[in-house]
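> with the sequence up front, the predicted model follows.
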Amino acid sequence: MIILKTPEQIEKMKKAGEILADCHRHIATMIKPGVTTLEIDQFVEGFLAERGAHPEQKGYHGYPFATCASVNDVICHGFPSNEPLKDGDIVTIDMVVKLDGWLADSAWSYPVGNISEEAQHLLDVTKKSLYLGIEQAVVGNRIGDISHAIQSYAESENLSVVRHFVGHAIGENMHEEPQVPHYGPPHRGTRLKEGMVITIEPMLNIGTYKCKIDADGWTARTMDGKWSAQYEHTLAITKDGPVILTEQ
Ligand code: MF3
Ligand code: CO
């Protein structure tokens with residue numbers, strides 16, 4: 001079932017989104033060689049608590065942390081850890097913020113110190129693919145138009161699109177219908193309507209799109225060990241076009 005949101009409800013999600021975006025802006029200043037992702041996770045807990053917001057991922061299907069911290073070949077759902085980030089790494093921090101019962105979801109990949117040209121290309125193309133997807137999120141288009149825009153651009157840049165994890169509608173629940181794949185043919189799938197709120201969250205890989213899950217049951221890595229990046233926004237579909245609720 002698709003749950004459309006009223007402008008008032010979207011306004012509430014925007015408030016959650018503003019806190020989330022602000023949190024990412026702070027994280028951006030913390031990321032450097034030597035910092036641990038557990039320190040970042042603890043910072044996020046404090047940051048949200050001070051603002052009366054809740055880290056929705058913590059306890060979700062048993063997930064143990066406020067954030068996911070996915071380093072290098074980890075695609076998503078990495079556990080924050082005590083291992084310091086190293087110069088040249090890339091790390092994706094993903095979180096879902098609840099404020100007053102309404103959610104916003106945003107992931108961002110960050111370079112640690114000086115990164116390789118190949119890693120920078122991965123970050124640049126993944127971020128641009130998110131915005132190309134968002135451009136397609138207009139009333140009357142279909143989900144497949146978003147998917148196709150992302151896949152065709154990613155593949156034209158010699159990157160692969162993860163299949164196993166997809167975007168989703170969001171509201172009072174983290175995962176609502178419909179799903180938003182980042183691959184697939186245009187002009188297919190659910191037609192976009194005013195009041196839908198969705199995430200678009202492409203995960204692009206340098207090598208194969210295939211993944212494997214670690215023994216912890218969460219950490220998703222590329223099969224070939226090559227690196228992966230992800231950028232995610234929550235956006236509302238309005239008659240005036242897509243409105244990003246998590247813009248930094
Ligand atoms: N924020 C992510 C998403 O887009 C991941 C949630 S998984 C969790 O759905 F279990 F950690 F919450
Ligand atoms: Co999401």
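Sure thing, it's come through. Numbering: from 1, shown residues only. Ligands and ions are numbered 1, 2, ... in the order given.
> SS state for the nearest residue to Met30 once chain neighbours are set aside?
The shortest distance from Met30 to any residue other than its chain neighbours is 6.0 Å, reached at Ile40 (Cβ to Cβ, 6 or more residues apart in numbering). Every C-beta, even on glycine, is put in place using the N, C-alpha and C of the backbone. Classification of Ile40 by DSSP: H, G, I helix; E, B strand; the rest coil places it in helix.
> ok, now Thr234?
The three-state assignment at Thr234 reads strand, by three-state DSSP.
> before we move on, back to that, how many neighbours does the residue nearest to Met30 have?
Residues contacting Ile40 under the criterion other Cβ atoms under 10 Å number 24.
> quick check, pLDDT for it.
Predicted confidence (pLDDT) at Ile40: the value is 98.
> surely it touches Ala69?
Yes - with contact defined as Cβ atoms under 8 Å, Ile40 and Ala69 form a contacting pair (6.7 Å).
> hey, what's in contact with both of the two?
With Cβ atoms under 8 Å, 6 or more residues apart in numbering applied, the overlap between the contact sets of Ile40 and Ala69 consists of 80, 93.
> thinking again about what came up before, and the residue nearest to Met30, what is it in contact with?
Shown here is Ile40, whose contacts under the criterion Cβ under 8 Å, 6+ apart are 27, 30-31, 67, 69, 80, 93.
> could these go into CSV alongside neighbour count and pLDDT?
Supplementary listing: these in CSV, determined by neighbours: other Cβ atoms under 10 Å; pLDDT from 0 to 100:
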residue, neighbour count, pLDDT
Ile27, 21, 98
Met30, 13, 98
Ile31, 19, 98
Thr67, 28, 99
Ala69, 25, 99
Pro80, 20, 99
Ile93, 26, 99
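> nearest to Ala49, of those residues?
Nearest to Ala49 out of those is Thr67 (Cβ to Cβ; 13.8 Å).
> and the gap between Cys76 and Ala220?
Distance of Cys76 to Ala220, given as Cβ to Cβ, to the nearest Å: 5 Å.
> burial count for Ile206?
Using other Cβ under 10 Å as the criterion, Ile206 is surrounded by 19 other residues.
> and Glu8, which helix or strand is it part of?
For Glu8, the element it lies in under DSSP states H and E is helix 7-30.
> do that helix and ligand 1 meet at all?
No - for helix 7-30 and ligand 1, the contact criterion (Cβ under 6 Å from any ligand atom) is not met; the two come no nearer than 10.5 Å.
> list the buried residues of that helix.
Residues 9-10, 12-21, 23-24, 27 are the ones in helix 7-30 that count as buried (16 or more other Cβ atoms under 10 Å).
> now do the helices in this protein.
Ranges of helices within the chain are 7-30, 37-50, 117-135, 143-156, based on DSSP state H.
> for ligand 2, what are the nearby residues on the protein?
Taking Cβ under 5 Å from the ion, the part of the chain that reaches ligand 2 is made up of 105, 199, 201.
> compare these and tell me which has the most neighbours.
Within those, neighbour counts (other Cβ under 10 Å) peak at Asp105, which reaches 28 neighbours.
> I'd say Asp216 and Phe79 touch.
Yes - taking contact to mean Cβ under 8 Å, the distance of 6.4 Å between Asp216 and Phe79 places them in contact.
> which of those two has more neighbours?
Legend: neighbour count by other Cβ under 10 Å for Asp216 and Phe79, higher for Phe79 (19 against 10).
> so Asn205 touches Asn158, yeah?
No - here Asn205 lies out of contact with Asn158, judged by Cβ under 8 Å, at a distance of 10.5 Å.
> thanks a lot, catch you later.
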